[in-house]
Structure formats: C-alpha cells, structure tokens
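1. after the sequence you'll find the predicted model.
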Amino acid sequence: MQRQPTAADLVEHLVQFEGPPHEFLRYLLAVQCRLSAAEGGAILRISPEGDLQIVAVFPPPEREGPPPVWVAQAGEAAGGVLNGGKTAIVPVHTETDMYGDAPNRHLILLPIRYTGRTGIRGVSAFLVRARDSAVLQASQERLELSSSLLSLYEMQLMLQRRTMDMARLRDALEVVSAVNLHDRFGAASMALCNEFSARWSASRVSLGFLRGRGIRLRAISHTENFSRKMRLVQDIESAMEECLDQDVEVIHPAPAEATFVSRAASRLSEQQGPANVCSFPLRHDGEVQAVVTVETPREQPFDGEMVESMRLAVDLVTARMVNLHEHDRWFGAKAAHSVRKGAAAFVGPRHTWVKLLAIGITALIVFLIVAKGEYAVKSPFVLQAQQRQHVPAPFDGRLEMVAVKLGQHVQKDQLLARLETDELEQSRREAAAEKAVHDKEYAKDMRDGKTVQAQQALARAEQSQAKILFLDDQIQRAELRSPIDGYVVAGDLEHRINSPVKTGELLFEVAPVRRLRAEMQVDEKDVHDLRENQEGELAAVGNPAHRVSFVVTSISPTAETVEGKNVFKVRVTLKDVPEWMHPGMTGVAHVSIDRRRFAWIWTRRVISWLRLKLWL
C-alpha cells in the first residue's frame, strides 16, 4: 500500500519546486489547504490600477467558469488586511444560517508582503469550516507558517535569474577576451566567428562589414579563404543586407509575432542548410556598421536565452571590431575613407535637418544684413479723459446707498449715490415746529397790541424759516447726481455704504464719452526717437484688431519710475474715438520712425548696452 505524503513531504516538495510560478501557486494553495483543513484557498494580487485580481484558486473552478462565491467575499473583506497589514478572520454567513447562530465557516485573510522591501502586494484567503476559535487559531498559525514558502520560491527564482545573467555575461566577456588577443582586423574577425561557433555550437558563423550601401563578407568560422563568387557567400551577404536594411535582428524560422522580413534568411537556410539562421546588427554611434550571422543545426533552434547571450556579446565587441576595421588599413585607404565620409555628411542624404538648419541660418543672416524694415517705437498706453467732472460730498454725513458702479455709463442728472438725511429731516421737523410756535406768538402779540414782542416773534419765525430752507437744500443735495453724460472713472464706493464722509471729499469722477486721449509710457532708450506731431497707431487690449490713429502732442521732459524702469510720459491725441473706447483702457501704441536694416533693429539694444558697459 502506497504511503500518503506527510506535511513534511509536501513542504519539502515545495522547497525544491522548480516549475513555473502559476503551477507553484496552485500547489502552494493545495498544501496550505491540507495543512489548515481549509475547504479552499485563493491568492489575490493588487493590480497596477489598484484593483484586486485573482491569481490562483484551489480547488480550481471549472473551465471558463466563475470563481466560488467565497472568493468574491474575500475580495470585499481584503481592504482591512491591505490597510492594517495584519491577518484577519471574517465570518461567512449563508442563507441557511439561523438568526443569532454563530457562523459555521470563516475566511482567514493573510497579507502577502513584497520580498526584500516593505509594502503589501496582495492577500491570500482560505475558507475554513469551524465554529471553535481554537480551531481557527490553529489554522491561522499553520497558514502563517506556510506563507513564507512563497517568499522562498521567489528568492529561488531571483537566484536563478541572477545565475543566468552571470552565465550570459561570462560568455560575452570570453568572446570579448578572445577578440582582444588580436591586434589585426582579419585575425580578430576569425577569432570572433570561431568563438561564437564553439560557445553556442553553431555550424557556421559569418561576419560582414558595411561597404558602400551593401555588406562585404569578411570572415567565416573555420574557413581561411573564400571567394565572393561562391553561392554560399552571396546567400550570406543577402541575409546580412536584409538585417542591415531593417536594422533589426532577423531570425529564421521567424516567431509567429515577428514583424520583420526574413526571405533572404529563409533562402540561406534552404539552399545551404537546412539550418536555423539569426543575424545580429553591430551598431556604432547609432548606425549599423556590420552584421554577424549565426547558423545552427535544425534540431538546435534559437531560444530566448541563447539570443540574449549572443546579443550581449555582439554589443560588447562592436566598438573593438569597428575600431580595428577603420584603422587596420593603409594610409591612402583611410584618407579616402575620411574624405568620402566628410563629403557624404555634407552632400549625402543623412543629417538633412542639420543641413537645412545651417542653410536657413545663413539665409537669415544675409536677409538681416541686406533687407530693411520699418523701425518703430512701441510702448504701453492708457486711455484718459481730457476733462473730468468731480462730484464731492456736500456735507458731513453717512453714505446711504450707491446707485452706479465704476466704469458705468451715466446720463446727466442721473442719481449716483445718496447720503443719509434722517438727522436733517428731524432737524427740519423741529425747525418747522419752532416756526409754527413763533407764528402763533406773532399773531397773539399783534392782537394784544404788543408791537415790540410781535416784531421779536416775527424775527424768530423768519430765522426758523431760513433754517428750514437751508435744511431743504441740504436734503436735496444729499442726492448726488451726474453733472454730465459720460462714464464713472472714479468712485467704487459700494464697500463704503454706511461709512462717514467729509464735506468736500471726492466721491465720484465722471468723464465725457468722446473726449479721450492716450498717455504712452516710453522707455528712456527709445524716447529720443520721438518728436511732436509724429503719427502712429494704437491697439487696445479689448479690441486688438482695430487700429486707431493718433498724433503726438507733448513729451514730458522728465522721467518717472514705473515698475522699476525709467519712462517718459508722452501724450497723444486720437484722430477718431470709436464708440467702444472708454477711459482706463490699455494696450500698445506704435509710432513709425523710418526704414532701417533688420540687423540694426533687432540688435540695437544689445549694441547700446555693450557700448555703455565698455565705455564705463
């Protein structure tokens, strides 16, 4: 009777497992389920998008069937494990469970950590049928102990990859060492082909170098002499040129997903084989200088590891082979090669953009020196009203309301704002009451014949009447109205409502609509080119497509500092004021001076700066 494997046997098999990762994960789940008496297990991984993906499930579901329901429940509960980083036990309720009864099954969720660095990359979930907490605790401990087998397997894979990389590097360095033993190009080429043939059991290895637009075969492994008239040489050169033209590795038989053409390699395999063919381009300074073609027996196809090792060897030996090929020639050949290379770089099809750029720069320099263009002074400007009407506060008081906004168009006598009149109206009512009393006293004294007292009462009544008239005038003047048609260019008072104002304090400024002028801010480096009565054009930021003509009327004799620069204020009169122009608009003004060479126009500031610095 065959002995059932023990837990130690299963763990030992996992430690020595050398199969692919997906088989290891399924087998690991099977072992963990047996050790913990779990009904099933699953491994969930965090995808690059942050979602959980099912990597492996045991027992495996039916082909193309959905995973068990408990796996979805494990995915919903995995968030706490991912955030906390600790093992969690989650009860699983079913439709058959009675209300209030303890669940019969539980999910044990364990975090899967990265190997060699911090962080959680996934969760392993196991469905255990048990009610007793001691049983669940024992299952949890067994699962936590067996989870380290995954890290051990990953370390084994990493060690295998490093071993393969070291073997690949060793093979490449041995090829380089064999080539470096020779100082002549012919001997180094033969050593390269023979070393390739011996190290990777190739039936034939060939090396060809670029000559003109094609490839000239220079060496064949274990072959001292050969003629270019041989059909073998022609087939090999055709396969090499196929690699040269596409600038990629060409393999025959080609993989199913290959995008390169391999007709010449296929012809070489059929007529000189049968064999497997692989051609490697030797790139120097980003360009293919040579090609190595390797042929192996049909029963020895090229695998990924073999191709990677050959590619590394080719990359490491390229610089040495190109250097020997260029310098192991007589002086005349090297000089002719240098001249031809320089001429090809200048008139050939390569470096087209560099040549076009050089031609364009030369043409631009000639154009700047010869051609002339319009020299003009440009500066920012601001539109100003030639006349402004001030609206001051008529008396001390508080601002009750504001009826207009800054920049708003207003009509003559349109209400702008109103001051509070409660105190004035109260004083008027008191004055009216006092007048009524004095009028009664006057009438009574006249009836009684008290002429003197009547005259005094009449004087007091007239004084009260004058006060009433004064208060009426004040109340009427509390309404601030526009003196002209125009735009409100000053008076943003909405934030000052209920605030006190003083008599004579400027509250609003209203500018006429059509009486505008522009004030330029000309840099001190350009002001010497401006004169009065010069004509120009300006464009406002709000309507740059519309140009307005103007005439220079005055130039300020003194400079002002604006934003750290010395500028001169230049006032200009607009010939025509469009309806869309308003005070406060800004833009760029352009005053044409004369026609000068573009080179002078574009370099005048730099030359002036250099002259000033060198003179100082």
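-> Right, received. Where do you want to start?

2. when you work out contacts or count neighbours from here on, use the C-alpha atoms and nothing else.
-> OK.

3. count the neighbours of residue 399 for me.
-> Per other C-alpha atoms under 10 Å, the neighbour tally for residue 399 reads 21.

4. next up, phi/psi of it, please.
-> Main-chain torsions, residue 399, degrees, to the nearest 10: phi -80, psi 120.

5. go ahead and confirm it touches residue 495.
-> No. Counting by C-alpha atoms under 8 Å, residue 399 stays clear of residue 495, with 10.2 Å between them.

6. find residues that contact each of the two.
-> Here residue 399 and residue 495 have no joint contacts, going by C-alpha atoms under 8 Å, 6 or more residues apart in numbering.

7. in this structure, which spans are helices?
-> 7-15, 21-36, 69-84, 133-146, 148-180, 185-199, 231-246, 263-272, 304-327, 331-347, 352-370, 422-448, 451-477, 598-615 (DSSP state H).

8. ok, now which ones touch residue 517?
-> 383, 384, 385, 386, 571, 572, 573, 574.

9. need the worst-confidence member of these.
-> Lowest in pLDDT among these is residue 386, which has 69.

10. among the contacts of residue 517, name the ones in strands.
-> 383, 384, 385, 571, 572, 573, 574 (DSSP state E).

11. what's around the first one, how many residues?
-> Read it as residue 383. Neighbours of residue 383 (other C-alpha under 10 Å): 21.

12. that one against residue 519, yeah?
-> Yes. If you go by C-alpha under 8 Å, residue 383 and residue 519 touch, sitting 6.5 Å apart.

13. about what we covered before: can you tell me which of the helices of the chain the model trusts least?
-> For the helices of the chain, where the average pLDDT is lowest is helix 331-347, sitting at a mean of 58.

14. and residue 439, what does it touch?
-> Contacts of residue 439 (C-alpha under 8 Å, 6+ apart): 457, 458, 461.

15. which one (most neighbours) among the contacts of residue 517?
-> Tallying neighbours with other C-alpha under 10 Å puts residue 572 at the head of the contacts of residue 517, with 26 neighbours.

16. wait, which of the helices of the chain is closest to residue 508?
-> helix 451-477 (14.6 Å; C-alpha to C-alpha).

17. what's that closest one packed up against?
-> For helix 451-477, the elements it packs on are helix 422-448, judged by 3 or more C-alpha pairs under 8 Å, 6 or more residues apart in numbering; DSSP states H and E.

18. would you mark the buried spots in the helix it packs on?
-> Neighbour-count burial for helix 422-448, counted by 16 or more other C-alpha atoms under 10 Å, picks out 424, 425, 428, 431, 432, 434, 435, 438, 439, 441, 442, 445.

19. contacting residues around the closest residue to the first one other than its chain neighbours?
-> The shortest distance from residue 424 to any residue that is not its chain neighbour, by C-alpha to C-alpha, 6 or more residues apart in numbering, is 6.3 Å, and that residue is residue 471. Taking C-alpha under 8 Å, 6+ apart, we find residue 471 in contact with 424, 425, 427, 428.

20. I'd guessed residue 70 sits against residue 125; true?
-> No. Using C-alpha under 8 Å, residue 70 makes no contact with residue 125, being 9.2 Å away.

21. which of the two has more neighbours?
-> Legend: neighbour count by other C-alpha under 10 Å for residue 70 and residue 125, higher for residue 125 (29 against 18).

22. returning to what we had before: adding neighbour count and distance to residue 255, write the contacts of residue 439 out as CSV.
-> CSV is the format used below for these (neighbours: other C-alpha atoms under 10 Å; distance: C-alpha to C-alpha, whole Å):
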residue, neighbour count, distance to residue 255
457, 22, 126
458, 19, 125
461, 23, 120
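
23. among the residues you listed, which one lies nearest to residue 48?
-> Distance to residue 48 across those (C-alpha to C-alpha) is lowest for residue 461, with 95.9 Å.

24. what's the distance between that closest one and residue 205?
-> Distance of residue 461 to residue 205, given as C-alpha to C-alpha, to the nearest Å: 133 Å.

25. what about the stretch 451-600 of the chain, any weak spots by pLDDT?
-> 513-514 (pLDDT under 70).

26. can you report phi and psi for the residue of the chain most remote from its centre?
-> The C-alpha centroid of the chain is most remote from residue 449, which lies 102.0 Å away (C-alpha atoms, centre = their mean). For residue 449, the backbone dihedrals (degrees, to the nearest 10) come out as phi 80, psi 20.

27. distance of it relative to residue 460?
-> Noted for residue 449: a distance of 18 Å to residue 460, by C-alpha to C-alpha.

28. now swap in residue 380 and tell me
-> From residue 380 to residue 460 the distance is 65 Å (C-alpha to C-alpha).

29. what are the contacting residues of stretch 479-487?
-> Residues contacting stretch 479-487 (C-alpha under 8 Å, 6+ apart): 389, 391, 407-419, 510-513, 582-583.

30. now restrict these to buried residues only.
-> Applying 16+ other C-alpha under 10 Å to these flags 389, 391, 407, 409-410, 414-419, 510-513, 582-583 as buried.

31. tell me how many other residues crowd residue 612.
-> For residue 612, the neighbour count with other C-alpha under 10 Å is 10.

32. what do you get for residue 162?
-> By the criterion of other C-alpha under 10 Å, residue 162 has 12 neighbours.

33. and residue 211, by the same measure?
-> Per other C-alpha under 10 Å, the neighbour tally for residue 211 reads 11.

34. distance of it from residue 217?
-> 10 Å.

35. repeat for residue 48
-> 49 Å.
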